[in-house]
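Chemist: Following is a predicted model, sequence given first.
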Amino acid sequence: MISQHPSFNESFPQSVTYPLNCVDYLPVNEIAWAIVDCNVKMKLHENGRLPSKAHEADACYDCYAAEDLHMLHNKRYTVSLGFSMAIPTGWQAKILPRSGLSLKGLIICNAPGTIDSGYLGIVKAIVMWNGATHFDVAIGTKLCQMEFQRVPTVAFTVVEELDSTERGSNGFGSTGL
């Protein structure tokens with residue numbers, strides 16, 4: 001919730017609380033402040049650094065290797081990202097590949113890797129090198145990226161039959177290759 005921000009003007013009285021889905025009604029200079037609704041507590045470990053954005057409008061935060069690693073072709077490894085975090089309930093983080101390294105042959109094996117709000121251990125990436133020969137990861141290498149997402153509350157209803165759709169039960173490859 002947004003409440004009593006010091007730069008609200010007369011059109012946004014300080015006595016009013018604005019829910020985050022009302023950012024369309026905020027002055028442009030207030031929007032960046034308004035959407036910070038996921039306060040993640042971070043603990044840095046050896047060689048760890050905070051994830052960071054290259055540009056303010058980026059959707060994801062770059063994560064850095066906290067250890068050196070000599071990767072052989074088609075072998076899987078876990079790499080420490082050098083931090084643990086407390087994600088608020090109702091949120092999750094996803095570990096995703098970076099496009100430039102993916103193009104060269106670095107694969108994030110379980111992408112997207114989900115980090116639940118209840119996990120407090122050191123965050124690691126599961127990686128594999130699929131490029132030519134080998135790949136050396138040095139401490140501080142931008143290895144992957146992390147995106148934060150809300151977790152919806154879902155209810156399941158048991159039914160005898162599902163409503164029909166155009167696709168029906170047609171699965172893998174049913175729309176062509």
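Modeler: Perfect, I can see it now.
Chemist: List the contacts of Asn130.
Modeler: With contact set as C-beta atoms under 8 Å, 6 or more residues apart in numbering, Asn130 has these partners: His73, Asn74, Gly105, Leu106, Ile107. Any C-beta I mention is one placed from the backbone N, CA and C, and that applies to glycine too.
Chemist: Any chance of these in JSON lines with secondary structure, neighbour count and pLDDT as columns?
Modeler: Formatted as JSON lines, the contacts of Asn130 follow (DSSP: H, G, I helix; E, B strand; the rest coil; neighbours: other C-beta atoms under 10 Å; pLDDT from 0 to 100):
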{"residue": "His73", "secondary structure": "strand", "neighbour count": "13", "pLDDT": "93"}
{"residue": "Asn74", "secondary structure": "coil", "neighbour count": "11", "pLDDT": "93"}
{"residue": "Gly105", "secondary structure": "coil", "neighbour count": "16", "pLDDT": "92"}
{"residue": "Leu106", "secondary structure": "strand", "neighbour count": "22", "pLDDT": "92"}
{"residue": "Ile107", "secondary structure": "strand", "neighbour count": "17", "pLDDT": "93"}
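Chemist: now those residues as CSV including distance to Gly168?
Modeler: Below are those laid out as CSV (distance: C-beta to C-beta, whole Å):
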residue, distance to Gly168
His73, 42
Asn74, 38
Gly105, 39
Leu106, 38
Ile107, 33
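Chemist: So which elements touch the longest strand anywhere in the chain?
Modeler: Identified as the longest strand of the chain according to DSSP state E is strand 76-86. If contacts are counted by 3 or more C-beta pairs under 8 Å, 6 or more residues apart in numbering; DSSP states H and E, strand 76-86 sits against strand 41-44, strand 61-64, strand 69-72, strand 122-129, strand 142-150.
Chemist: State the distance from the closest residue to Leu69 other than its chain neighbours to Ala65.
Modeler: Nearest residue to Leu69, sequence neighbours excluded (C-beta to C-beta, 6 or more residues apart in numbering): Val137, at 4.2 Å. Here Val137 is placed at a distance of 5 Å from Ala65 (C-beta to C-beta, to the nearest Å).
Chemist: shared neighbours of the two, anything?
Modeler: Common neighbours of Val137 and Ala65 (criterion: C-beta under 8 Å, 6+ apart): Val79, Leu143.
Chemist: mind listing what's buried in the longest strand of the chain?
Modeler: Applying a neighbour-count criterion of 16 or more other C-beta atoms under 10 Å, one finds Tyr77, Val79, Ser80, Leu81, Gly82, Phe83, Ser84, Met85 buried in strand 76-86.
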